[in-house]
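> just need the structure, nothing else, for what follows:
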Amino acid sequence: MKEIVITAKDNGLRAALFEDSELMEVFEEEGLTSRAIGNIYRGRVENILPGMQAAFVNIGLDKNSFLYVGDAISPVFEGEEKVQSDHAVRIEEVLRPRQELLVQVIKEPVGSKGARITTNITLPGRYVVLMPKVDYVGVSRKILDSEERSRLKELALQGRPEGMGVIVRTLAEGVSGEEISSDIRHLVGLWSKIDQKVSKVSIPGLVHRDLDLISRLVRDLIDNDVQRITVDKQEIADFLREELKEIAHPAARQVVVDLRDNLFERYEVDYEIHKFLRPKVWLKSGGYLIIQQTEALTIIDVNTGKYTGNHSLKETVYRTNLEAAGEIARQLRVRNIGGIIIIDFIDMLDQEDRQGVVNALVQACSRDKTKCQVLGLTQLGLVEMTRKKVGQTLATRYKKVCPTCEGKGFIDR
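Take a look at the predicted model:
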């Protein structure tokens, strides 16, 4: 069972997703300019960096944005896979100083780093993602049934305009052809409006802003498993119902208005967030995790802690690791940790136990809408995985570096 809680506070919105009464994701939107990811801009190339095979582009934000050469050329596909071109294209061959570009933000600016951008524009709908400049049709890997994949791919091929690309999203599984066609038509119409607007926008300037928080929740998060949506403002509830009715979603009948104060406090959202900001995470069994984020990667250490088990050391270790695998997937989602992740599970001698823990981690991560890839065990017995970086981490949104120790965690004697 999923439940979404939405609160309006100080001209901003906050939303929390619960699965089986456990907090899984937190979203915020403070005003209209807080989120850049998904926005489309007209920009100008300021610097070409041959040594980094990238360019800095002015799109009107506080810091120039970063455009990697791979994001400045059209992707090449072989079947369902995106592949590297045989010819190593150099940034100098693609861009020149002062060149004007239409770009989209794919990673938010963080700290001293500017936003990461791409020239390969994508427009996400509820059931499909439109790629106006790429001739390609694909289906989400999370849809496993081969017949359903074939059906959806055929519908996408029929519904897309010639020369444009479509990726069918996981939410499209089981939906009718008319719903998919309608989604494609809506996105094609949106692209037409954006295309017409480009020449009227000064450089640098914003051409298209991605959806507000409520509309993004409808598009990306509210699926058939959502059984209740609690809101503390009548206007937001009315807007949400209309949005859901427009796509004939049954959750339109599950929107509940709760006008009592401190909705997030009653759901203990802020209390849970405070716990998620700590490096030490206790497991229900008595074991615990230590989570340390660095600039390059995230390290997670698993320990038995207070858990001593009932039968044998082998069983104690295995059960702790299994519980840790599920909790690690949850921690990554709530903290919004992306990039390279290294997990040091408690040592297991049995190969079957090792594989069982890896499988449990894969299964737990499969519920995450953000792309995760578990790469398996290294020779040192560590588990390597990656999670796509999307937006800012929970720590970035709620914490700042200590001015006394400058983030070291230690104070000089």
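
> once you drop chain neighbours, what's closest to Arg35?
Spatial nearest neighbour of Arg35, excluding adjacent residues (C-beta to C-beta, 6 or more residues apart in numbering): Glu29 at 6.3 Å. (Each C-beta comes from the backbone N, C-alpha and C, glycine too.)

> what kind of secondary structure is the one you found in?
strand (DSSP: H, G, I helix; E, B strand; the rest coil).

> dump the residue contacts of it.
Glu29 makes contact with 12-14, 35, 212-213 under the criterion C-beta atoms under 8 Å, 6 or more residues apart in numbering.

> where is pLDDT lowest across these?
Least confident of the contacts of Glu29 in the model: Arg35, at 73.

> pull the distance from stretch 164-183 to the chain's centre.
20 Å (C-alpha atoms, centre = their mean, to the nearest Å).

> how long is it end to end?
End-to-end distance for stretch 164-183, by C-alpha to C-alpha, to the nearest Å: 14 Å.

> stretch 261-269 too?
Stretch 261-269 has an end-to-end distance of 14 Å (criterion: C-alpha to C-alpha).

> how about stretch 276-287?
16 Å.

> looking at the chain, which helix or strand does the model trust least?
Ranked by mean pLDDT, DSSP states H and E, the weakest helix or strand in the chain is strand 81-83, scoring a mean of 60.

> next secondary structure after it?
The helix or strand immediately downstream of strand 81-83 is helix 91-94, counting by DSSP states H and E.

> buried set for that next one?
Residues 91, 94 are the ones in helix 91-94 that count as buried (16 or more other C-beta atoms under 10 Å).

> mind giving me the packing neighbours of that helix?
Identification of packing neighbours for helix 91-94 by 3 or more C-beta pairs under 8 Å, 6 or more residues apart in numbering; DSSP states H and E yields strand 40-49.

> which SSE is immediately downstream of the strand it packs on?
strand 54-58.

> residues of that following strand that come out buried?
Of all the residues in strand 54-58, those buried under the rule 16+ other C-beta under 10 Å are 54-58.

> farthest pair within those residues?
Ala54 and Asn58 (14.3 Å; C-beta to C-beta).

> now do the helices in the stretch 1-150 of the chain.
With DSSP state H, counting those that start in this stretch, the ranges of helices along the stretch 1-150 of the chain come out as 91-94, 146-159.

> now do the shortest one: everything it contacts.
With C-beta under 8 Å, 6+ apart as the test, helix 91-94 has contacts from 48-50, 53-55, 69, 72-73.

> give me every residue that touches Glu46.
Contacts of Glu46 by C-beta under 8 Å, 6+ apart are 55-58, 64, 97.

> wait, which of the residues you listed is closest to Gly43?
Val57 (4.3 Å).

> measure that closest one to Glu28 for me?
27 Å (C-beta to C-beta, to the nearest Å).

> and what of Gln351?
For Gln351, the distance to Glu28 - C-beta to C-beta - is 44 Å.

> so those two - more neighbours on which side?
Set side by side, Gln351 and Glu28 show more neighbours around Glu28, with 17 against 9, by other C-beta atoms under 10 Å.

> was I right to think that one contacts Lys9?
No: counting by C-beta atoms under 8 Å, Glu28 does not reach Lys9; the two are 9.8 Å apart.

> low pLDDT regions in this protein?
The chain contains residues with pLDDT under 70 at 10-11, 30-34, 77-87, 111, 308-310.

> mind redoing it with 80?
9-12, 30-35, 76-88, 110-112, 261, 306-311, 391, 406-409, 412-413 (pLDDT under 80).

> domain parsing for it?
The chain is divided into the following domains under automatic domain parsing: 2-31+212-270, 36-120, 124-194, 277-398.

> which one, of the ones you listed, ends up nearest to Lys408?
domain 277-398 (12.2 Å).

> mind checking the end-to-end distance for that closest one?
For domain 277-398, the first-to-last residue distance is 8 Å (C-alpha to C-alpha).

> start at 4 instead
In the new numbering, first residue 4, that becomes domain 280-401.

> that domain: how far from the chain's middle?
18 Å.

> which strands and helices sit next to the helix or strand where Glu275 lies?
For Glu275, the host element (DSSP H and E) is helix 272-279. Of the remaining helices and strands, those touching helix 272-279 by 3+ C-beta pairs under 8 Å, 6+ apart are strand 25-33, helix 316-338, helix 397-401.

> closest to Ala299 out of those?
Between the helices and strands packed on helix 272-279, helix 397-401 lies closest to Ala299; by C-beta to C-beta that is 15.4 Å.

> which one of the buried residues of strand 57-61 is nearest Asn306?
Among the buried residues of strand 57-61, Ala57 lies closest to Asn306 (C-beta to C-beta), at 40.5 Å.

> surely the closest one touches Gly73?
No: here Ala57 does not reach Gly73: they are 9.3 Å apart, not a contact under C-beta under 8 Å.
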